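Asks: the sequence and its predicted three-dimensional model are supplied below.
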Amino acid sequence: MAFLKEPPFTHGKTGKTAVLLVNLGTPDAPTTKAVRRYLKQFLSDPRVVEIPRAIWWLILHCLILPFRSSKSAHKYASIWSNEGSPLKVHTGKQATLLRGYLGQRGHRLQVAYAMRYGSPAIGEVLEQLKAEGCERLLVLPAYPQYSATTTASIYDAVFAHYAQVRNVPELRFIKHYHDHEAYIQALKDSVLAYWAMHGAPDKLIMSFHGVPKRTLLLGDPYHCECHKTARLLAQQLGLGPEQYQLTFQSRFGKAEWLQPYTAPTLQALAKQGVKRVDVMCPGFTSDCLETLEEIAIEGKQDFLQAGGKEFHFIPCLNQAPGWISAMAEIVEEQLIGWPTHLTEAEREELKQQVEMSKKQALSLGASQ
Ligand SMILES: C=CC1=C(C)c2cc3[nH]c(cc4nc(cc5[nH]c(cc1n2)c(C)c5CCC(=O)O)C(CCC(=O)O)=C4C)c(C)c3C=C
Ligand SMILES: [Fe+2]
Ligand SMILES: [Fe+2]
């Protein structure tokens, strides 16, 4: 086994603690070439597609990559922002804001972000953190609901990286937070803020990313966790069973996935005479292709073309202050026993910096 070249060891108390926010990943550009590279890495992960490797290799290379890459690239082009892929832009901003929140709560922490597929790659970020003296690492997946296809795949990538490292940091993983009070509260606040501006719908659709039904039968808790999130959120919003519905989107391939599917549900509701639906995606903490294109563009078409009158997409949590503070709370609960608190000297230094900037602001005001 070859080990990576490692920086000199920094001992005990001088070691830093880091939080690593990990999201799924996204192509580097909305081009066929970049999407193909991303899909190849993503769909080669045996956690994502569980078909025997040799058969899957043929299907992936002969059918999926040649046809899907350009189709998906067009979809990515329709949601790409000036700053880049929405998923990456939001995740990067969340990490920066989270660091600020945790600092305000008195924690001395590095906060970095990485992508399971594409860049910044988990291995590269872990090397960077090690070079900066990180001796304790808390991994925070961007997925509130645990699934082997997503969360466990992040664990795999972290372990695979540390399999090449001699001096491995202390490690903790957040498995899920699908029923965490602060997460549910952040969702509730985002829905109520939206309804305060746009009024309430006839029906609220909570659309989660799907997974093959087989994974539920084999013991993956994802389905149950989605249902628990939906039930808790509906309770908080005071919605009765007829006022909301849970659905699963983004089906891939021919096998049965978790039901009910989002698109046919939207069409059926329109045909039943439901005039307005609002769709939210509580399982996605950042807007991305699956929310901005599949729901906000395609889902809207499905509903309106089937006779629906009004379709609203409620944005994901993204940089909502309630979500950043919820993440800080979720992280904080896992830091117990780790020396992350600012020392007296650091607190004093922070206080002096604040005083200094106040004075500077005052003298600036006086000179104007
Ligand atoms: C092939 C099977 C797939 C499984 C299983 C799957 C599970 C899963 N995915 C997410 C979150 C996201 N998926 C996204 C895109 C995406 N997902 C799949 C396939 C599976 N996902 C594909 C092929 C793609 C790429 C786009 C396409 O070609 O259709 C994204 C968006 C990424 C972006 O760049 O914006 C997210 C986020 C979850 C949460 C999940 C299981 C619970
Ligand atoms: Fe997906
Ligand atoms: Fe999709």
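Replies: Nice, I can see it. Ligands and ions are numbered 1, 2, ... in the order given.
Asks: Val139 belongs to a strand?
Replies: Yes - assessed by DSSP: H, G, I helix; E, B strand; the rest coil, Val139 belongs to a strand.
Asks: wait, it touches Phe159, no?
Replies: No - with contacts counted by CB atoms under 8 Å, Val139 stays clear of Phe159, the gap being 10.5 Å. Bear in mind the C-beta positions are built from the backbone N, C-alpha and C, glycine included.
Asks: what's the domain layout of this protein?
Replies: Domain assignment of the chain by automatic domain parsing yields the ranges 12-178+321-344, 181-313.
Asks: now tabulate these in JSON lines and tack on mean pLDDT, mean neighbour count and distance to Gln360.
Replies: Formatted as JSON lines, the domains of the chain follow (pLDDT from 0 to 100; neighbours: other CB atoms under 10 Å; distance: least, CB to CB, whole Å):
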{"stretch": "domain 12-178+321-344", "mean pLDDT": "95", "mean neighbour count": "18", "distance to Gln360": "20"}
{"stretch": "domain 181-313", "mean pLDDT": "98", "mean neighbour count": "19", "distance to Gln360": "35"}
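Asks: and of those domains, who's closest to ligand 3?
Replies: Set against ligand 3 and scored by CB to the ion, those come closest in domain 181-313, at 4.2 Å.
Asks: is ligand 3 within reach of that closest one?
Replies: Yes - if you take CB under 5 Å from the ion as the test, domain 181-313 does meet ligand 3, through 250, 290, 294.
Asks: and that domain, anywhere near ligand 1?
Replies: Yes - counting by CB under 6 Å from any ligand atom, ligand 1 is contacted by domain 181-313 at 209, 211, 222, 250, 252, 283-284, 288-290.
Asks: list the helices and strands the lengthiest strand in the chain packs on?
Replies: In the chain, assigned by DSSP state E, the strand with the most residues is strand 16-25. In terms of contacts (3 or more CB pairs under 8 Å, 6 or more residues apart in numbering; DSSP states H and E), strand 16-25 is packed against helix 32-43, helix 86-104, strand 110-117, helix 122-131, strand 134-141.
Asks: out of the residues of domain 181-313 next to ligand 1, which is nearest to Gly123?
Replies: Cys288 (22.4 Å; CB to CB).
Asks: what residues are up against that closest one?
Replies: 24, 26, 79, 85-87, 90, 316 (CB atoms under 8 Å, 6 or more residues apart in numbering).
Asks: now distance to ligand 3 too, for those residues, in CSV please.
Replies: Listed next are the contacts of Cys288 as CSV, based on distance: CB to the ion, whole Å:
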residue, distance to ligand 3
Leu24, 12
Thr26, 13
Ile79, 11
Ser85, 14
Pro86, 14
Leu87, 12
His90, 17
Cys316, 15
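Asks: of these, list those near ligand 1.
Replies: 24, 26, 85, 87.
Asks: assign the nearest residue to Leu239 once chain neighbours are set aside to helix, strand or coil.
Replies: The shortest distance from Leu239 to any non-neighbouring residue, by CB to CB, 6 or more residues apart in numbering, is to Leu204 (6.5 Å). Following three-state DSSP, we place Leu204 in the strand state.
Asks: which ones are touching Leu204?
Replies: So Leu204 contacts 191, 234, 237, 239, 243-245, 277-280 (CB under 8 Å, 6+ apart).
Asks: please apply the same query to Leu138.
Replies: Contacts of Leu138 (CB under 8 Å, 6+ apart): 17-20, 172-174, 331, 334-335.
Asks: picking up where we left off before, which one of the helices and strands packed on strand 16-25 lies closest to Ala2?
Replies: Here helix 122-131 is closest among the helices and strands packed on strand 16-25 (CB to CB), at 14.0 Å.
Asks: the closest one: how far from the chain's middle?
Replies: Relative to its chain's centre, helix 122-131 lies at 20 Å (CA atoms, centre = their mean, to the nearest Å).
Asks: check stretch 187-200 too.
Replies: 21 Å.
Asks: dihedrals phi and psi, the residue nearest to Pro260 when sequence neighbours are not counted?
Replies: Nearest non-adjacent residue to Pro260, counting by CB to CB, 6+ apart: Thr247, 5.2 Å away. The phi/psi pair for Thr247 (degrees, to the nearest 10) reads phi -140, psi 170.
Asks: contacting residues around Thr247?
Replies: 205-208, 260-262, 265.
Asks: and if you look at Gln259?
Replies: Contacts for Gln259 (CB under 8 Å, 6+ apart) come out as 213, 248.
Asks: what's the answer for Gly299, then?
Replies: 207, 249, 262-263, 266, 279, 311, 313.
Asks: can you rerun that using 6 Å?
Replies: Neighbouring residues of Gly299 by CB atoms under 6 Å, 6 or more residues apart in numbering: 266, 279.
Asks: returning to that earlier point: list the ones among the residues of domain 181-313 next to ligand 1 that fall in strands.
Replies: If you go by DSSP E, the residues of domain 181-313 next to ligand 1 have His209 in strands.
Asks: pick out the most distant pair among the residues of domain 181-313 next to ligand 1.
Replies: The span of the residues of domain 181-313 next to ligand 1, defined through CB to CB, is set by Tyr222 and Leu289 at 19.7 Å.
Asks: how far away is the residue of the stretch 201-350 of the chain at minimum distance from ligand 1 from Trp80?
Replies: Using CB to the nearest ligand atom, the single residue of the stretch 201-350 of the chain nearest to ligand 1 is Cys288, 3.1 Å away. Using CB to CB, to the nearest Å, we find Cys288 at a distance of 11 Å from Trp80.
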